[in-house]
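Student: build me a structure from this.
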Amino acid sequence: MKKKTDSICRAVDIAKTYWLGKVAVEALRGVSLDIERNDYVSIMGASGSGKSTLVHILSCLDTPTSGKYYLENTLVSKYSDEELAKIRNKFFGFIFQSFSLLPRLSALDNVALPLIYRNVSKHERIAKAKEIIDSVGLADRMYHRPNELSGGECQRVAIARALVNDPKVIYADEPTGNLDSKTGAEIMEIFDRLVDEGNTVVMVTHDMNVAAHARRTVKLRDGQIIDD
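Tutor: Sure thing, here's the model as predicted:
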C-alpha cells in the first residue's frame, strides 16, 4: 500500500457483515485500498462481489463491521452522524445509473439542489449551477425537466449536480448502464476530461469498455480484492 499521506481515501482491512435473519453474509472480507488525489479508478466484479458495499463505505453511506477507514488521514469513525452528513454533501459527488433526478424540477434546479444544504444564497446557487451545466454541454436545456430530456442529457445533469459542490471525490455507479453505446461514449469523454482537470473519479462498472477509460482497475471477488 502507498503511504497514507498520499491518500485522499484509505481503507485498511475493511470487513462488512450483513445479517439475514440468523445467516451472516460477508460482503467484504479484509479489503485494503488507497485512493489518491486525481486517481481514476474502476471497480469491477460479478454481482455479489462486494462492489456496491465497498463504494458505500468509501463514500460514508455505510460503516464497516471492522477495519479502519480514513478520509485525508482522519479516522471516519470519529465523526458523528451529523458530521458525516455534512462530509457526504461537501466531500463527495454521486452519479447513479438511474440518474436520481427530481422529476418536478428543471435541470437547473436539480443541479443547484445540493447547494441549498450548504446555505448558499439563491443568486450564488443559480450562477454556479448555470456555470456547471454549461460545462457539460447543456446550456440550451437547463430549463427542461427530466421527462423532457434524453437519457444522455439526464446523465449530464446528474454529472453537473455531482460537480456543483466542488467535491474531492466523484463516485459513479454504472454511469453508462442505462445509455446506448454512442451516448455512453460521450459520457465517458466527460469523465476523462474531469480527471484531466484534476478531479478524482471512482466508478463501479460491469462494462470492460467503460473500465478501460480508468487508469486503474480494482477487481473484487467474494468480498476480496483479487487484482489492483
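Student: which helix is the longest one in the protein?
Tutor: If you go by DSSP state H, the chain has its longest helix at helix 181-196.
Student: who touches it?
Tutor: The contact list for helix 181-196 (CB atoms under 8 Å, 6 or more residues apart in numbering) reads 38, 40, 136, 150-152, 155-156, 159, 163, 170, 172, 175-176, 179, 201, 203, 207, 210, 213, 215. Every C-beta, even on glycine, is put in place using the N, C-alpha and C of the backbone.
Student: so where's this protein uncertain?
Tutor: Counting by pLDDT under 70, the chain contains low-confidence residues at 1-6.
Student: what segments of this structure are helices?
Tutor: Using DSSP H, the helices of the chain run over 51-58, 81-91, 107-116, 122-135, 151-163, 181-196, 208-211.
Student: winner for burial among those helices?
Tutor: Compared across the helices of the chain, helix 151-163 shows the largest average neighbour count, a mean of 24 (mean count of other CB atoms under 10 Å).
Student: that one packs against which elements?
Tutor: The helices and strands touching helix 151-163, judged by 3 or more CB pairs under 8 Å, 6 or more residues apart in numbering; DSSP states H and E, are strand 92-96, helix 107-116, helix 122-135, strand 169-173, helix 181-196.
Student: how about these, which one is nearest Leu54?
Tutor: Among the helices and strands packed on helix 151-163, the nearest to Leu54 by CB to CB is strand 169-173 (10.6 Å).
Student: contacts for that closest one?
Tutor: Residues from elsewhere that reach strand 169-173 (CB under 8 Å, 6+ apart): 8-9, 35, 52, 55, 58-59, 91-97, 162-163, 191, 194, 199-204.
Student: isn't Phe136 right next to Arg161, touching?
Tutor: Just so we're on the same page, residue 136 is Val rather than Phe. No: using CB atoms under 8 Å, Val136 is not in contact with Arg161; the gap is 10.0 Å.
Student: gap between the closest residue to Leu113 other than its chain neighbours and Ile187?
Tutor: By the measure of CB to CB, 6 or more residues apart in numbering, the closest residue to Leu113 outside its immediate chain neighbours is Arg161, 6.8 Å from it. Going from Arg161 to Ile187 by CB to CB, to the nearest Å gives 14 Å.
Student: contacts only, for the closest residue to Ala211 other than its chain neighbours.
Tutor: Distance criterion CB to CB, 6+ apart; nearest residue to Ala211, sequence neighbours excluded, is Ser42 at 3.9 Å. Contacts for Ser42 (CB under 8 Å, 6+ apart) come out as Val202, Met203, Val204, Thr205, Val210, Ala211, His213, Ala214, Arg216, Thr217, Val218.
Student: any idea how far Ser42 is from Lys16?
Tutor: 20 Å.
Student: what's the answer for Glu26, then?
Tutor: Look at Glu26 and Lys16: by CB to CB, they are 8 Å apart.
Student: looking at these two now, which is surrounded by more residues?
Tutor: Between Glu26 and Lys16, Lys16 has the larger neighbour count (other CB atoms under 10 Å), namely 22 against 16.
Student: quick check, central residue of the chain?
Tutor: Residue closest to the average C-alpha location in the chain (CA atoms, centre = their mean): Tyr171, at 1.2 Å.
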